[in-house]
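**Student:** Attaching a predicted model along with its sequence, questions to come.
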There are 2 protein chains.
Amino acid sequence: MNEEKKQYEELDEETLFVVSQTFKALSDPTRLRILSLLSNREYSVSQIAEILQLKQSNVSHQLRYLKNLRLVKFRREGTTIYYSQDDEHVIRMLQQTIYHALHR
Amino acid sequence: MNEEKKQYEELDEETLFVVSQTFKALSDPTRLRILSLLSNREYSVSQIAEILQLKQSNVSHQLRYLKNLRLVKFRREGTTIYYSQDDEHVIRMLQQTIYHALHR
DNA sequence: CGTTTATATGTTAGTGTATGAATATATAAA
DNA sequence: TTTATATATTCATACACTAACATATAAACG
C-alpha cells in the first residue's frame, strides 16, 4: 500500500519547460486570435491589426513572442512583412480544441 | 487587393475564453506535473504532494483550479480524497505535446 | 466531546505579463 | 537625400498569477 508511489517517472525539467511554454503561447486570447487567423494563410502585420482590431505595437509584440517559439514565420516584401504559421502540430491542436469547445 | 481581408470569420468571445482557459491550465509547470501524474490513475492529495514534492496547500489550490475547469474529478474515502483526470481530450493533447517535445 | 488526520481556504508578497504610447529602424519612392 | 510607409522596439503601467504560510473545515475514532 506504500510501494505504489515509486513507479511514476517524472517529466524532465527541459520537457516540462518546453511543453508549458507551448501551452502558455496558446493561453492568451490575443495570441489565439492571431494564430487562428494565420492558420488559414499569411497576413501582414497591418492586416492582422486591422482585422482583429488591435494596435500595431501589440500585434508586433505578440508576433515576436510567437516567432521566438517558432510558431510563426515571416517573409518580407518591400516594407511589408507577411507572417504565417510555422508549427503544424500546434495549429492542429488549436483547431481540435476550438472544435471541442464549440461542440461541448 | 483589398477585399481579401473581409472573408475571415472571428472566433466568438465565449469560445475564445474557453479555449484560452484550457490552455492556461496547461501553461503552468506545477499543474502540468499534476495532470501528467493523474493521467495514469487516481492519487490522493497527500500522495500528489509527496510524489511531486509540493506543499499540500499548493496542491489543493491547483486541484481546485483544475476541478473548476472540469479537468479533474474526485471521490472521497473517509478523510482521504482521491483525484483523477476528467477530460480525455485534454489528457490526450497533453501527452501528444509531451511526445512532440521529446522527439524534436 | 476532544483529538488526530486529511484537505481546503484566506491572505499576501513577489513575480510575471499584456498593452499602449512614443520612438526607432528599415525599405521604397520621389 | 528627403519623405512616406510598415514594422519593431523601448519604456511605463496596470493587472494577473504563483506559491507559501497560517488557519479553517471535515471526517474518523477513542
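**Tutor:** Nice, thanks for sending it over.
**Student:** The longest helix anywhere in chain A and chain B, are they touching?
**Tutor:** If you go by DSSP state H, chain A has its longest helix at helix A:88-102. Yes. Applying C-beta under 8 Å from any C-beta of the partner chain, one finds helix A:88-102 in contact with chain B at A:His89, A:Met93, A:Leu94, A:Gln96, A:Thr97, A:Ile98, A:His100, A:Ala101, A:Leu102. All C-beta atoms are positioned from the backbone trio N, CA, C, and that covers glycine.
**Student:** Give the full set of residues in contact with the fifth one.
**Tutor:** For A:Thr97, the set of contacting residues under the criterion of C-beta atoms under 8 Å, 6 or more residues apart in numbering or on different chains consists of B:Val19, B:Thr22, B:Phe23, B:His89, B:Met93.
**Student:** Read off the pLDDT value for the second one.
**Tutor:** Meaning B:Thr22. B:Thr22 carries a pLDDT score of 97 in this model.
**Student:** quick one: secondary structure of A:Tyr83?
**Tutor:** Following DSSP: H, G, I helix; E, B strand; the rest coil, A:Tyr83 is assigned to strand.
**Student:** And it, how far from A:Arg76?
**Tutor:** Here A:Tyr83 is placed at a distance of 11 Å from A:Arg76 (C-beta to C-beta, to the nearest Å).
**Student:** Comparing those two, which residue is more hemmed in?
**Tutor:** More crowded of A:Tyr83 and A:Arg76, by other C-beta atoms under 10 Å in any protein chain shown: A:Tyr83, with 22 against 8.
**Student:** My read is that the more buried one contacts A:Phe74, right?
**Tutor:** Yes. Contact criterion C-beta atoms under 8 Å: A:Tyr83 and A:Phe74 qualify, at 4.8 Å.
**Student:** residues shared between the contacts of the two?
**Tutor:** Common contact partners of A:Tyr83 and A:Phe74 (C-beta under 8 Å, 6+ apart): A:Leu63, A:Lys67.
**Student:** Which among the contacts of A:Thr97 count as buried?
**Tutor:** B:Val19, B:Thr22, B:Phe23, B:Met93 (16 or more other C-beta atoms under 10 Å in any protein chain shown).
**Student:** With secondary structure and distance to A:Arg41 added, can I get the residues you listed in JSON lines?
**Tutor:** Shown next, in JSON lines, are the buried ones among the contacts of A:Thr97 (DSSP: H, G, I helix; E, B strand; the rest coil; distance: C-beta to C-beta, whole Å):
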{"residue": "B:Val19", "secondary structure": "helix", "distance to A:Arg41": "21"}
{"residue": "B:Thr22", "secondary structure": "helix", "distance to A:Arg41": "25"}
{"residue": "B:Phe23", "secondary structure": "helix", "distance to A:Arg41": "23"}
{"residue": "B:Met93", "secondary structure": "helix", "distance to A:Arg41": "25"}
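**Student:** Could you list the contact residues of chain A toward chain B?
**Tutor:** A:5, A:8, A:10-11, A:15-24, A:26-29, A:32-33, A:36-37, A:40, A:47, A:50-52, A:89, A:93-94, A:96-98, A:100-102, A:104.
**Student:** Report the buried residues of the longest helix of chain A.
**Tutor:** Residues of helix A:88-102 classed as buried by neighbour count (16+ other C-beta under 10 Å): A:Val90, A:Ile91, A:Met93, A:Leu94, A:Thr97, A:Ile98, A:His100, A:Ala101.
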